[in-house]
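Trainee: this one's structure only:
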């Protein structure tokens, strides 16, 4: 059973349905403004997590864009489920913030927001905002164990692919573990070159693109999503190869200089452009399949 | 104005404010460092012990000035010395003590500290140093910068426990935090320059053994915690 509450006032006064969000809004601000302030001072200053503020801005923007739906109230039964979810989320918040576990403190936002949406507006709004809630995941720090587990294998793979390709096109390159020897130079594929965090940030931006472009076709979207990680990985391999080549042709100083940082951003952009290109190709295939008669004449 | 519709949001908002209050209550405030645990590193660590003497001509890798300014805020004390033995072998000892462990202070680990100075880090493994009847868990890694190769052995303490990973560090900090205490912490780093990592680690281990044998049991506990042996 659902009841829809519409109270519209056209004389400029704040209508009742927005007022009911004020107490909730204040609660959320009291809890999470300190959270993001602390995040800005600690996690977001690290290179690996520079996409954090962007993710937050995107989440806030998406919520603002969909705000019209927040007027509606659907179903009374959601109040208790939503309330329970809110309490559950708050427990994570309390534990996370008092004991400085960023993962819990920031992760609690997803559960708390879900609970609030459920209680205030029902399952419909939860579904409406599912991308924003999911996207919050990209603000979370990677647990140390996962970083430790993935960095080694990623470095190994990046190293041998770089060596294989560069050797195949004729460069005097050899490899011992994660140390690449090219000409007179020895280059170490360090932890930072594993590309682990760029996998995350590129996936985040790729997902954002897919969401914004909003293709109705499930297969097209699925295809794009599956491309994200391979593109990000390939971009990182290319980055390592570029740095090897720069060092080989221009010397050690050039390879360690600004090219090092610049190449990261450059490859990030290239990765996204490849995603757009793939999307374009998928679009053409789709058109071709839908209208074969026209293209054959 | 229909106040009925405000009942629900007010309850939800109230829950959140209560959570904020509980958070403040649950945040640990008692600093272990304040209860007489602060150790004067300069006094605890002898200038000469066993075959080792301070070599004043070399100072271990110093942190960049801007990082040092940050560290000065975090760590209450640091000690950096190079020791040399009768055979001319040199070992660098670096200890940092802080009254407060928190996510922000993890930047002092060699993996972060050395890389920020242009070093590359490899060959990270967890190991143990056998000392008297005890096993001290340590992290071993190799830092490289150009032709300089520096095998490093280090460990951290959180309160009275030795930890060798971020996960352990957090777990022990949590254990203290749930009892309302903020644990202090120390990071002990021993390194030497050498291309043969195995020999370097052996040298560092014997240095560690000599050092721990030369300090009093109370002070020893500060460096390696209360090991269960």
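Mentor: Done, it's in. This structure is a prediction, so every number in the text was calculated from the model and none was measured. Numbers count the residues shown, from 1 in each chain, chains lettered A, B, ... in the order given.

Trainee: give the bridge partners for the residue positioned nearest the centre of chain B, please.
Mentor: Nearest residue to the geometric centre of chain B (CA atoms, centre = their mean): residue B:187, 2.1 Å. On the basis of DSSP bridges, residue B:187 is bridged to residue B:96, residue B:156.

Trainee: is it correct that it is in contact with residue B:152?
Mentor: No - using CB atoms under 8 Å, residue B:187 is not in contact with residue B:152, being 11.4 Å away. Every C-beta, even on glycine, is put in place using the N, C-alpha and C of the backbone.

Trainee: what does chain B put close to chain A?
Mentor: Within chain B, the positions adjacent to chain A are B:1-2, B:5-6, B:8-17, B:19-20, B:22-24, B:26-28, B:102-104, B:111, B:115, B:118, B:120-122, B:144, B:165-167, B:170, B:173-174, B:177-178 by CB under 8 Å from any CB of the partner chain.

Trainee: if you set the cut-off to 7 Å instead, what comes out?
Mentor: Applying CB under 7 Å from any CB of the partner chain, we find that chain B lies next to chain A at B:1-2, B:5-6, B:8-10, B:12-13, B:15-17, B:19-20, B:22-23, B:26-27, B:102-104, B:120-122, B:144, B:165-167, B:170, B:174, B:177.

Trainee: counting neighbours, what do you get for the nearest residue to residue B:127 once chain neighbours are set aside?
Mentor: Leaving aside its sequence neighbours, residue B:127 sits nearest to residue B:140 (CB to CB, 6 or more residues apart in numbering or on different chains; 5.1 Å). By other CB atoms under 10 Å in any protein chain shown, 21 other residues sit near residue B:140.

Trainee: parallel or antiparallel, list what pairs with the one helix or strand residue B:140 maps to.
Mentor: Secondary structure assigned from DSSP states H and E places residue B:140 in strand B:134-145. Paired neighbours of strand B:134-145 in the sheet (DSSP bridges): strand B:120-131 (antiparallel), strand B:148-158 (antiparallel).

Trainee: so which bits of the first one are buried?
Mentor: Okay, so that is strand B:120-131. B:120-122, B:124, B:129, B:131 (16 or more other CB atoms under 10 Å in any protein chain shown).

Trainee: ditto for the shortest one
Mentor: By neighbour count, and taking 16+ other CB under 10 Å as the criterion, the buried residues in strand B:148-158 are B:149-158.

Trainee: what segments of chain B are helices?
Mentor: B:7-26, B:41-44, B:65-74, B:110-113, B:166-177, B:197-214, B:217-224 (DSSP state H).

Trainee: would you list the ones you listed in JSON lines and tack on mean neighbour count and mean pLDDT?
Mentor: Putting the helices of chain B into JSON lines (neighbours: other CB atoms under 10 Å in any protein chain shown; pLDDT from 0 to 100) gives the following:
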{"stretch": "helix B:7-26", "mean neighbour count": "17", "mean pLDDT": "94"}
{"stretch": "helix B:41-44", "mean neighbour count": "14", "mean pLDDT": "83"}
{"stretch": "helix B:65-74", "mean neighbour count": "13", "mean pLDDT": "63"}
{"stretch": "helix B:110-113", "mean neighbour count": "19", "mean pLDDT": "78"}
{"stretch": "helix B:166-177", "mean neighbour count": "19", "mean pLDDT": "87"}
{"stretch": "helix B:197-214", "mean neighbour count": "18", "mean pLDDT": "93"}
{"stretch": "helix B:217-224", "mean neighbour count": "16", "mean pLDDT": "82"}
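
Trainee: quick one, which of these gets closest to residue A:225.
Mentor: Evaluated over the helices of chain B, closeness to residue A:225 peaks at helix B:166-177, with 30.3 Å, by CB to CB.

Trainee: for chain A, which segments count as helices?
Mentor: A:16-19, A:22-41, A:52-65, A:78-98, A:102-121, A:123-128, A:130-135, A:144-168, A:196-213, A:218-250, A:252-256, A:258-290, A:292-296.

Trainee: so of the ones you listed, which one's packed in deepest?
Mentor: Mean neighbour count (mean count of other CB atoms under 10 Å in any protein chain shown) peaks for helix A:102-121 among the helices of chain A, with a mean of 22.

Trainee: that one versus helix A:22-41: what angle between them?
Mentor: When axes from the mean of the first three to the mean of the last three CA atoms, to 10 degrees is applied, the directions of helix A:102-121 and helix A:22-41 differ by 160 degrees.

Trainee: which strands and helices sit next to helix A:102-121?
Mentor: helix A:22-41, helix A:78-98, helix A:123-128, helix A:130-135, helix B:7-26 (3 or more CB pairs under 7 Å, 6 or more residues apart in numbering or on different chains; DSSP states H and E).

Trainee: stretch A:92-107: end-to-end distance?
Mentor: Stretch A:92-107 has an end-to-end distance of 8 Å (CA to CA, to the nearest Å).

Trainee: tell me which residues are up against it.
Mentor: A:31, A:35, A:39, A:43, A:108, A:111-112, A:139-141, A:143, B:19, B:22-23, B:26-27, B:102-103, B:170, B:174, B:177 (CB atoms under 7 Å, 6 or more residues apart in numbering or on different chains).

Trainee: any regions of the stretch 51-200 of chain A where pLDDT drops low?
Mentor: A:72-77 (pLDDT under 70).

Trainee: and it, which residues reach chain B?
Mentor: A:79, A:86-87, A:90, A:93-94, A:97-102, A:116, A:119-120, A:144-145, A:178, A:188, A:190-191.

Trainee: grab the nearest non-local neighbour of residue B:58.
Mentor: Using CB to CB, 6+ apart, the closest residue to residue B:58 is residue B:82 (4.3 Å).

Trainee: dump the residue contacts of residue 81.
Mentor: Just so you know, I chose chain A. With CB under 7 Å, 6+ apart, residue A:81 has these contacts: residue A:118.

Trainee: sorry, I should have been clearer: chain B.
Mentor: Counted by CB under 7 Å, 6+ apart, residue B:81 has contacts B:54, B:93.

Trainee: picking that back up, show me the residues around the residue nearest to residue B:127 that make contact.
Mentor: Counted by CB under 7 Å, 6+ apart, residue B:140 has contacts B:125, B:127, B:151, B:153, B:201.

Trainee: hmm, which of these is lowest in pLDDT?
Mentor: Lowest-confidence member of the contacts of residue B:140: residue B:125, scoring 87 (pLDDT).

Trainee: which residue packs closest to residue B:207, ignoring adjacent ones?
Mentor: residue B:91 (4.6 Å).

Trainee: tell me how many other residues crowd the one you found.
Mentor: 25.

Trainee: separation between it and chain A?
Mentor: 24 Å (CB to the nearest CB, to the nearest Å).

Trainee: so that residue sits against residue B:193, correct?
Mentor: No - counting by CB atoms under 7 Å, residue B:193 is not a contact partner of residue B:91; they are 9.6 Å apart.

Trainee: show the contacting residues for residue 118.
Mentor: Using chain A. So residue A:118 contacts A:78, A:81-82, A:85, A:126 (CB under 7 Å, 6+ apart).

Trainee: looking at chain B here, not the other one
Mentor: Taking CB under 7 Å, 6+ apart, one finds residue B:145 in contact with residue B:118.

Trainee: at 10 Å what do you get?
Mentor: Listed by CB atoms under 10 Å, 6 or more residues apart in numbering or on different chains, the contact partners of residue B:118 are A:256, B:64, B:143-146.

Trainee: can you flag the buried ones in these?
Mentor: Buried among the contacts of residue B:118 by 16+ other CB under 10 Å: B:143-144.

Trainee: residue contacts, the residue of the stretch 101-250 of chain A found nearest chain B?
Mentor: Closest contact between the stretch 101-250 of chain A and chain B, by CB to the nearest CB, is at residue A:144 (3.9 Å). With contacts defined as CB under 10 Å, 6+ apart, residue A:144 is in contact with B:106, B:165-170.
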